[in-house]
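Asks: Just a sequence and a predicted model for now, questions to come.
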Amino acid sequence: MEKYFLTIALTIMLLPLAGSLVAGLFGKMIGRRATHWVTILLVGASFFLSSYLFAMIVLLNSPAQDGLVYHWVTSGSFQFDVALLLDRLSATMIFIVTFISFMVHIYTVGYMSDDPGYQRFFSYVSLFTFSMLALVLADNFLLMFFGWEGVGLVSYLLIGFWFKRESAVFGSLKAFLVNRIGDIGFVLAIAAILMHFGSVNYQQVFTHVTSILDHTIHIFPGAPISVITTICVLLFIGAMGKSAQVPLHVWLPESMEGPTPISALIHAATMVTAGIYMVARCSPLFEYSLPALSLVLVIGATTCFFMGLLAVFHHDIKRVIAYSTLSQLGYMTVALGASAYDAAIFHLVTHAFFKALLFLAAGSVIIALHHEQDMRKMGGLVSYLPVTYLTFTIGALALAAIPPFSGFYSKDAIIEAVHLSTIPGAHFAYFCVLAGAFITPLYIFRALFLTFHGQTRMDEKLRQHVHESPWVVLFPLLALAVPSLIAGGMLVGPMLYAHPRLLGNSIFVLPQHDVIGELSRHYEGAKLMALEAGRSLPFWLALAGIVTAWIFNLGYPALAESLKKRFAIFYSVMVHKYGFDDFNQIVFVRGSRALGSFFYRVTDLKMIDGVFVNGSGRLIRWFASVARRMQTGYVYDYTFVMIIGLAFFLGWLLLGF
């Protein structure tokens, strides 16, 4: 049975790779239709096999499997393997990744139908899926890093897919460089793990954590730091890059320059959730480092509140949803910091459904409006795009955490878990997640009202051609709308409050940190949880956010303009995104150019060229000119030199003795 499950897992991982190779190498030969059929069928097969493994491992309690595929590298006493770990956490993740990828592949047929890079896009998306599956199924840190870098590389290719656009090239380069910063932390963490544990295998590392709890490392002289804290902080730096936490968040809004299908895939269930998955996988490490948990909690809370606030002030429909992703990733990170790992993964699952739904619904609007993304040029689309409107509304209600939609159960669990947490920074985090409960419905219903309600702001020529998207686009929307509506209520009990929980032993929590266990004492079922939402503060904050969005965008829009003028400084700060981009542009971009120019002028031109290269030539030329004067060709000159030399030699002999 062990080899059987692992063979299926390996097949799940390799099928998208095969589709990518077919589309990339033979796409022009076999044509568009064959390309999308091959890639969709192979990813679809991965999804159905993942569903089978999810049912067997998670629902039917089959034991976890950890098996070797082949020996990868041997270096001295260290051996690195390609080996797969199939447990409850990885089975859940591959189910989500393949489902979202399957929907995105189908949606792409309609969205990219007129694009000249059609086959190339399918190749990239399938390769992206393979890389994420490799990351999730790895049983060691080195193979995880292989998948980690794979999704980073393909995201660079996909964000810059329309490479003739300067903004797309800039966005892809920005994503690549910012992620390299996080990756430095991940690489250093792997090196520290290998140095102190002698292995990068999860099981070997996690079972020997307690043996190094008293070990310290001296990064700075006279300042010993706990080894376990150092490893956890470095791992989290890696997670901050991939999961776009402040201050490494700046790449994520720029990723909107890529086509909408890949925006949904990156933001819903693949690249940005890699950091969340990695920290959850490393819960046996993080549980023994209170400073690391506190750092995770504070960074997540900061991202949750401040990035959500930015979404209120943007007009590009995709960027609003992108900032929403940043905020929701903050919620997941807060849950990790509060040791509510199960709640973080639960929100990851529900968020994957409704965030993919929102992105693809926004893409449907963009298709209908011939790639217009500014919400100020929309309005009144409900009568033109009824199915898109329905699915977008379902996604908005789920994101706003309105019961009984999926986001309500996962977000409410995170807020309550943070409220019970005693980890330093929990009070600040609780304020941020509560504020987020108001801000989230404010920005998403602002987008809903500006796009679908009110007077239409489209020009007459465009209005005549607006119509609902084809069914190849609408089918994924409807397929995602169903779990966005019901998945939360179905999973909240098994994932958070059952004994044992759905993720089982793949998550480790110390008894003193088990806030989910404390919450389970008061859980009486998903239906009652939804019915009693009116007793909770987050529910009323969510309703207040919706009402506020209506007031400022439909009821009294002049009030918004008045406040914008009155609080012009605050509005300017929001529009400039707290100055992160400006700071990076001035300090890092211009600073790097200035530093490079300095080294070019001083080191390269003056020192290397001026002193060493040209200087050595001038020295030889001067010495040659001096030596040439001594070579006169006259006998009396040479005789004079010989006499002088003989006199010097005799004088040295006489004085020496």
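Replies: In hand now; what should we look at?

Asks: ok, the lengthiest strand in the chain: who's next to it in the sheet?
Replies: What stands out as the longest strand in the chain, according to DSSP state E, is strand 65-75. Under the criterion DSSP bridges, strand 65-75 sits next to strand 78-86 (antiparallel) in its sheet.

Asks: what's the neighbour count on Glu524?
Replies: 9 (other C-beta atoms under 10 Å). Every residue, glycine included, has its C-beta placed from N, CA and C.

Asks: and it, that one's in a strand?
Replies: No. Assessed with DSSP: H, G, I helix; E, B strand; the rest coil, Glu524 is coil; it does not lie in a strand.

Asks: With adjacent residues omitted, what lies nearest to Ala426?
Replies: Val418 (5.9 Å; C-beta to C-beta, 6 or more residues apart in numbering).

Asks: what is the rounded mean pLDDT of the strand or helix carrying that neighbour?
Replies: Element membership for Val418, per DSSP states H and E: helix 406-420. Average pLDDT, helix 406-420: 92.

Asks: give the contact list for Ser289.
Replies: 226, 228-229, 232-233 (C-beta atoms under 8 Å, 6 or more residues apart in numbering).

Asks: buried subset of those residues?
Replies: 226, 228-229, 232-233 (16 or more other C-beta atoms under 10 Å).

Asks: Now do the residue nearest to the spatial centre of the chain against Gly238, distance only.
Replies: Nearest residue to the geometric centre of the chain (C-alpha atoms, centre = their mean): Val272, 2.5 Å. Distance of Val272 to Gly238, given as C-beta to C-beta, to the nearest Å: 13 Å.

Asks: and what of Arg590?
Replies: 27 Å.

Asks: swap in Ser263?
Replies: In terms of C-beta to C-beta, Ser263 sits 23 Å off from Gly238.

Asks: repeat for Phe286
Replies: 13 Å.

Asks: Does Tyr192 touch Val233 like I think?
Replies: If you look again at residue 192, you'll see it is Ala, not Tyr. No. Ala192 lies out of contact with Val233 (C-beta atoms under 8 Å); the separation is 10.2 Å.

Asks: Any stretches of the stretch 201-350 of the chain with poor pLDDT?
Replies: Within the stretch 201-350 of the chain, the stretches falling below the threshold (pLDDT under 70) are 267-269.

Asks: how does it look with 90?
Replies: 201, 208, 210-226, 241-244, 246-274, 313-319, 322 (pLDDT under 90).

Asks: Next: the stretch 1-150 of the chain.
Replies: Short version for the stretch 1-150 of the chain, where the test is pLDDT under 90: 1-9, 24, 26-33, 58-83, 108-118, 121, 150.

Asks: State the mean pLDDT of stretch 159-167.
Replies: 84.

Asks: Quick one: residues in contact with that stretch.
Replies: 117, 120-121, 124, 168-169, 171-173, 175, 254-255, 257-259, 262, 266.

Asks: Please repeat the previous calculation with a cut-off of 6 Å.
Replies: Residues outside stretch 159-167 that contact it (C-beta atoms under 6 Å, 6 or more residues apart in numbering) are 168-169, 171-172, 175, 255, 257-259.

Asks: Break down this structure into its strands, ranges please.
Replies: Under DSSP E, the chain gives strands at 65-75, 78-86, 216-220, 223-226.

Asks: re earlier: give me the common contacts of Phe286 and Gly238.
Replies: In contact with both Phe286 and Gly238: no residue, using C-beta under 6 Å, 6+ apart.

Asks: what about the nearest residue to Leu480 once chain neighbours are set aside, how many neighbours?
Replies: Leaving aside its sequence neighbours, Leu480 sits nearest to Leu357 (C-beta to C-beta, 6+ apart; 4.0 Å). Around Leu357 there are 31 other residues, counting by other C-beta under 10 Å.

Asks: any idea how far Val334 is from the residue lying closest to Val136 once chain neighbours are set aside?
Replies: Leaving aside its sequence neighbours, Val136 sits nearest to Met93 (C-beta to C-beta, 6+ apart; 4.4 Å). Distance, Met93 to Val334, by C-beta to C-beta: 20 Å.

Asks: who has more neighbours, the two?
Replies: Val334 (35 against 29).

Asks: and the residue nearest to the more buried one when sequence neighbours are not counted, what does it touch?
Replies: Nearest non-adjacent residue to Val334, counting by C-beta to C-beta, 6+ apart: Gly300, 3.9 Å away. Contact partners of Gly300, counting by C-beta under 6 Å, 6+ apart, are 330, 333-334, 337.

Asks: One more: Ser506?
Replies: Counting by C-beta under 6 Å, 6+ apart, Ser506 makes contact with 87-89.

Asks: In those, which residue is surrounded by the most others?
Replies: Leu89 (26 neighbours).

Asks: you'd agree that one is up against Leu503?
Replies: Yes. Counting by C-beta atoms under 6 Å, Leu89 touches Leu503, with 5.4 Å between them.

Asks: what's the helix ranked longest in the chain packed up against?
Replies: Looking across the chain with DSSP state H, the single longest helix is helix 2-53. If contacts are counted by 3 or more C-beta pairs under 6 Å, 6 or more residues apart in numbering; DSSP states H and E, helix 2-53 sits against strand 65-75, strand 78-86, helix 88-111, helix 118-137.

Asks: Now do the helices in the stretch 351-500 of the chain.
Replies: For the stretch 351-500 of the chain, the helices defined by DSSP state H, counting those that start in this stretch cover 386-399, 406-420, 426-452, 460-463, 471-492.

Asks: Please identify the buried residues of the first one?
Replies: Within helix 386-399, the residues that qualify as buried are 387-399, counting by 16+ other C-beta under 10 Å.

Asks: how about CSV for these, with pLDDT and distance to Arg33 added?
Replies: As requested, those are exported to CSV (pLDDT from 0 to 100; distance: C-beta to C-beta, whole Å):
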residue, pLDDT, distance to Arg33
Val387, 92, 25
Thr388, 92, 25
Tyr389, 92, 31
Leu390, 94, 30
Thr391, 94, 27
Phe392, 94, 30
Thr393, 94, 34
Ile394, 94, 31
Gly395, 93, 30
Ala396, 94, 35
Leu397, 94, 37
Ala398, 93, 34
Leu399, 93, 35
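
Asks: Distance to Ala498 added to the residues you listed, as CSV?
Replies: Converted to CSV, these look like this (distance: C-beta to C-beta, whole Å):
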residue, distance to Ala498
Val387, 36
Thr388, 37
Tyr389, 37
Leu390, 33
Thr391, 31
Phe392, 33
Thr393, 31
Ile394, 27
Gly395, 27
Ala396, 30
Leu397, 26
Ala398, 22
Leu399, 26
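
Asks: tell me which of those residues is nearest to Ile106?
Replies: Nearest to Ile106 out of the buried residues of helix 386-399 is Thr391 (C-beta to C-beta; 14.4 Å).

Asks: The residue lying closest to that closest one once chain neighbours are set aside: how many residues sit nearby?
Replies: Using C-beta to C-beta, 6+ apart and skipping the chain neighbours, the partner closest in space to Thr391 is Leu477 (4.1 Å). Neighbour count for Leu477, taken as other C-beta under 10 Å: 27.

Asks: rewinding a little: in helices only, show me the contacts of Ser289.
Replies: 228-229, 232-233.

Asks: ok, so of those residues, who is nearest His218?
Replies: Thr229 (13.4 Å).

Asks: What distance do you get for the spatially closest residue to the closest one that is not a sequence neighbour to Ile276?
Replies: Residue nearest to Thr229 in three dimensions, not counting chain neighbours: Ser289, with 4.4 Å by C-beta to C-beta, 6+ apart. Note on Ser289: its distance to Ile276, by C-beta to C-beta, is 18 Å.

Asks: Same question for Ala624.
Replies: The value you get for Ala624 to Ile276, if C-beta to C-beta is used, is 70 Å.

Asks: Compare neighbour counts for the two and give me the winner.
Replies: Counted by other C-beta under 10 Å, Ala624 and Ile276 do not tie: Ile276 has more neighbours, with 26 against 9.

Asks: shouldn't the more buried one be in contact with Val334?
Replies: No. Taking contacts as C-beta under 6 Å, Ile276 lies outside contact range of Val334: 10.9 Å.

Asks: Show me how far the helix holding Val418 is from its chain's centre.
Replies: Averaging C-alpha positions (C-alpha atoms, centre = their mean, to the nearest Å) puts helix 406-420 22 Å from its chain's average.
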